[in-house]
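Colleague: Predicted coordinates and the sequence they were generated for:
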Amino acid sequence: MTSVLLVDDDESNRLTMSALLEVEGFDVREATTFAEACTLLSATPSFTIVLTDQHLGDGLGSDLAPMIRARLPGAKIVLMSGSASAMTVTETWDGSFAKGEDFAELLRLIHSLLIS
């Protein structure tokens, strides 16, 4: 089973995405803050994919990338944002998802990352 870390400080978005991902067969762990994500990454570094919101209350999701790459070099990182300026794919993350897009688009992205 594919393990996903979902980092989002927006409760309704996080709960909805988590439920949808679980229905699709993913094992989902949630973090509500940058600090909580760091704790989970330090304690149980076994995630295949990390989906992180860019703008968290206590930091930027993209700033998690160095820790993820160090602890989980094979993990895929997807940056989620409502801001178009944050959506450019770089060496830092493997994909991006604009909040408000159809969930099917996120699933296509995740599946394409899993086979790459």
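Modeller: Cool, the structure landed.

Colleague: Strands of this protein, start to end?
Modeller: Secondary structure of the chain, counting by DSSP state E: strands at 3-7, 27-31, 49-53, 55-56, 59-60, 76-81, 95-98.

Colleague: Mean pLDDT and distance to Arg69 added to those strands, as a markdown table?
Modeller: Backbone N, C-alpha and C define where each C-beta goes, glycine included. Compiled in a markdown table, the strands of the chain are given as follows (pLDDT from 0 to 100; distance: least, C-beta to C-beta, whole Å):
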| stretch | mean pLDDT | distance to Arg69 |
| --- | --- | --- |
| strand 3-7 | 97 | 14 |
| strand 27-31 | 97 | 17 |
| strand 49-53 | 96 | 10 |
| strand 55-56 | 92 | 18 |
| strand 59-60 | 92 | 15 |
| strand 76-81 | 93 | 8 |
| strand 95-98 | 90 | 15 |
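
Colleague: most neighbours per residue, which of these?
Modeller: Across those, the average number of neighbours (mean count of other C-beta atoms under 10 Å) peaks for strand 49-53, which reaches a mean of 26.

Colleague: May I have that one exported as CSV, CA atoms only?
Modeller: Extracted C-alpha coordinates of strand 49-53, given in CSV (Å, rounded to 0.1, in the frame of the first residue of the first chain):
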residue,chain,number,x,y,z
ILE,A,49,4.6,10.5,-1.5
VAL,A,50,4.4,13.8,0.4
LEU,A,51,1.6,16.2,-0.6
THR,A,52,2.2,19.5,1.0
ASP,A,53,0.4,22.8,0.9
